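In: Got a predicted model here, sequence first, then my questions.
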Amino acid sequence: MRKPLLMLTAAASLAASALVSAGENYNYSHVTLGAAFTNTELGGLTVDETGWFVQGAYELESLPLVLEGGYSYSSVNDDELVTDASLDGHSYFVGSRFIISPTDRLDILPGIAVGRTDITASLDSSEAKADVTSYTASLDVRFHLERGLWLTTGVAYQDYDEDMLDSTNFFNLGAEYVVDSDWSLGLNYLTHSDGNSTRLFAKIFY
């Protein structure tokens, strides 16, 4: 199921981008810095996590295509599991998105990405590690409401190389205010079957 879905998304993106040129209102070349506050279901328990992330994106001049990649770190808050236990995650991803602009105010961005998450669980002096590779197909929409304010929403389907993990569907909703040509501030809410995450971020354009 994973490979046909990703191939179909990529083919549709290529066909659409060949017909519609990218808008010039938003600069997709930027560096993003942010913090994330997450609630996750683990073994029937709801635990709180905090983390931070950094992402980079580069918009090609010759094609309506954005190349992107990023790193994030998350940690379960103290005493959320049991005393002296910790759970940390390091995640990396690379991907690409096509920019389709039906109007000057609307951008549609289908994309694909591959990622890896390294998880470390520790209790007292014991430690266990695991890693998961993920494959994501996504579709995001950006709407320029007024001045520097953009509204954002999107869906994503994520599959994993671990048979014990079920595929996950994500939905996100947010807003971003472009202060000027150099930077912006934003808020994003992400939800899926196992929890939700609120992310605050700043972008530096180049």
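Out: Looks like it arrived, so ask away.

In: so which strand or helix has Gly51?
Out: strand 45-59 (DSSP states H and E).

In: That strand: partners in the sheet, and parallel or antiparallel?
Out: strand 30-42 (antiparallel), strand 65-76 (antiparallel) (DSSP bridges).

In: Give me the distance from the first one to the chain's centre.
Out: Right, strand 30-42. In terms of CA atoms, centre = their mean, to the nearest Å, the centre of strand 30-42 is found 9 Å from the chain centre.

In: Would you work out how far apart the start and end of stretch 70-87 are?
Out: 21 Å (CA to CA, to the nearest Å).

In: just to revisit the earlier point, show residues contacting the strand holding Gly51.
Out: Here strand 45-59 makes contact (CB atoms under 8 Å, 6 or more residues apart in numbering) with 22, 27-40, 65-77, 80-81, 87, 89, 99, 195, 199, 201. For every residue, glycine as well, the C-beta is placed using N, CA and C.

In: now that strand: mean pLDDT?
Out: If you average the pLDDT over strand 45-59, you get 93.

In: quick one on the thing from earlier: which among the contacts of strand 45-59 end up buried?
Out: 22, 28, 30-32, 34, 36, 38, 40, 65-66, 68-70, 72, 74, 76, 80-81, 87, 89, 99, 195, 199, 201 (16 or more other CB atoms under 10 Å).

In: element containing Phe201, please.
Out: In this assignment (DSSP H and E), Phe201 forms part of strand 195-205.

In: Just list what that strand packs against, helices and strands only.
Out: Under the contact definition 3 or more CB pairs under 8 Å, 6 or more residues apart in numbering; DSSP states H and E, strand 195-205 sits against strand 30-42, strand 45-59, strand 183-192.

In: Specify the stretch among the ones you listed that is closest to Thr168.
Out: Nearest of the helices and strands packed on strand 195-205 to Thr168, taken as CB to CB: strand 183-192 at 5.2 Å.

In: Buried ones in the closest one, by neighbour count?
Out: So, applying 16+ other CB under 10 Å, buried residues of strand 183-192: 184, 186, 188, 190, 192.

In: Format the helices and strands packed on strand 195-205 as JSON lines; extra columns: distance to Tyr160.
Out: Formatted as JSON lines, those follow (distance: least, CB to CB, whole Å):
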{"stretch": "strand 30-42", "distance to Tyr160": "16"}
{"stretch": "strand 45-59", "distance to Tyr160": "19"}
{"stretch": "strand 183-192", "distance to Tyr160": "13"}
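
In: Cool, thanks, talk later.
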